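Student: missing the sequence, but the structure's below:
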């Protein structure tokens, strides 16, 4: 086993403290000495982009990413065009809060045609690359576990995400490696290596057995079966040395006091990542 991850890279993905407002999350990071935060757009809309940017500047907390863009497939061209415009707004927001990474959760199929839905994803990303370049924002394609193919994303393996990156051949597009979504993949080591130079984010949580809730089933690091330290070592070998986001969607964790969660998060990150 290699050494543990540095606390200077630790980022709170704010879905981990879903009951906190964005203002509370920034203050919580400052109070608990968590140097980075990943911001969700619904929280950003509640607080305001300008207010968020000012609060971040005052606190010294840095933004690892904005979540989320994507959701490209839709039944009509009109709706697909609306989604492209929404992604452009997300790019603008990312630039305004001083993060260079917009995470793309690519979206499910509107019907049973997965091949067509994946084509919509490809076309949607292609349409926003020039806008992302103008604003200095990179687009991180995050593959989601296959169990989410029906309702969240038709991009389900790191191999699929890598293929899209290779197709665009643009420095604006890369991949986000989330351990919860990709740990099971027999081709994972090869695909992390294939993503060398294009990894834009690394997210950690754990996979606890049994999983009682598909959506809110993520566990605190160390409570499950994922080799977090081993995967972190692999992404670093592939050139990623940026922030490491703790992204845990779990009602039990949401119901706990945020400061308590952040303290446990730091302890488990130090021990297991």
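Tutor: Ah, there it is. What you are looking at is a predicted structure, and each value in this text was computed from that prediction instead of being measured.
Student: every contact and neighbour count from this point should use C-alpha atoms.
Tutor: Noted.
Student: what mean pLDDT does the strand of greatest length in the chain have?
Tutor: As assigned by DSSP state E, the longest strand anywhere in the chain is strand 62-70. Averaged across strand 62-70, the pLDDT comes to 98.
Student: next: stretch 127-146.
Tutor: Mean predicted lDDT for stretch 127-146 stands at 98.
Student: centre of the chain versus it, how much separation?
Tutor: Counting by CA atoms, centre = their mean, to the nearest Å, stretch 127-146 is centred 12 Å from the centre of its parent chain.
Student: kindly report the same for stretch 89-103.
Tutor: So, by CA atoms, centre = their mean, the centroid of stretch 89-103 is 13 Å from its chain's centroid.
Student: quick one: mean pLDDT for the helix or strand where residue 233 lies?
Tutor: Taking DSSP states H and E as the definition, one finds residue 233 inside helix 228-237. For helix 228-237, mean pLDDT rounds to 98.
Student: stretch 255-273 now?
Tutor: For stretch 255-273, mean pLDDT is 98.
Student: would you mark the buried spots in it?
Tutor: Using 16 or more other CA atoms under 10 Å as the test for burial, stretch 255-273 gives 258, 261-262, 265-266, 268-270, 272-273.
Student: same check on stretch 7-19?
Tutor: Those would be 7, 10-19, for stretch 7-19 by 16+ other CA under 10 Å.
Student: now stretch 225-244
Tutor: Neighbour counts over stretch 225-244 (16+ other CA under 10 Å) mark 226, 228-229, 231-236, 238-244 as buried.
Student: could the buried residues of stretch 255-273 go into JSON lines alongside secondary structure and distance to residue 104?
Tutor: Shown next, in JSON lines, are the buried residues of stretch 255-273 (DSSP: H, G, I helix; E, B strand; the rest coil; distance: CA to CA, whole Å):
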{"residue": "258", "secondary structure": "helix", "distance to residue 104": "26"}
{"residue": "261", "secondary structure": "helix", "distance to residue 104": "26"}
{"residue": "262", "secondary structure": "helix", "distance to residue 104": "25"}
{"residue": "265", "secondary structure": "helix", "distance to residue 104": "25"}
{"residue": "266", "secondary structure": "helix", "distance to residue 104": "26"}
{"residue": "268", "secondary structure": "helix", "distance to residue 104": "27"}
{"residue": "269", "secondary structure": "helix", "distance to residue 104": "25"}
{"residue": "270", "secondary structure": "helix", "distance to residue 104": "28"}
{"residue": "272", "secondary structure": "helix", "distance to residue 104": "27"}
{"residue": "273", "secondary structure": "coil", "distance to residue 104": "24"}
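Student: closest to residue 194 among these?
Tutor: residue 273 (22.0 Å; CA to CA).
Student: got any ranges where the chain has weak pLDDT?
Tutor: With pLDDT under 70 as the threshold, the chain has low-confidence stretches at 1-2.
Student: ok, the longest strand of the chain: who's next to it in the sheet?
Tutor: strand 36-40 (parallel), strand 101-105 (parallel) (DSSP bridges).
Student: what segments of this structure are strands?
Tutor: 10-13, 36-40, 62-70, 101-105, 138-141, 173-178, 199-204, 206-207, 218-219, 244-246.
Student: adding distance to residue 93, write those out as a markdown table.
Tutor: Formatted as a markdown table, these follow (distance: least, CA to CA, whole Å):
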| stretch | distance to residue 93 |
| --- | --- |
| strand 10-13 | 17 |
| strand 36-40 | 10 |
| strand 62-70 | 8 |
| strand 101-105 | 9 |
| strand 138-141 | 13 |
| strand 173-178 | 17 |
| strand 199-204 | 18 |
| strand 206-207 | 30 |
| strand 218-219 | 28 |
| strand 244-246 | 19 |
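Student: can you tell me which of these is nearest to residue 81?
Tutor: strand 62-70 (12.0 Å).
Student: longest helix in the chain, please.
Tutor: helix 114-135 (DSSP state H).
Student: which residues sit against that helix?
Tutor: Identification of contacts with helix 114-135 by CA atoms under 8 Å, 6 or more residues apart in numbering yields 70-74, 80, 84, 87-88, 91-92, 95, 106-110, 138-139, 154-155, 164, 168, 172-173.
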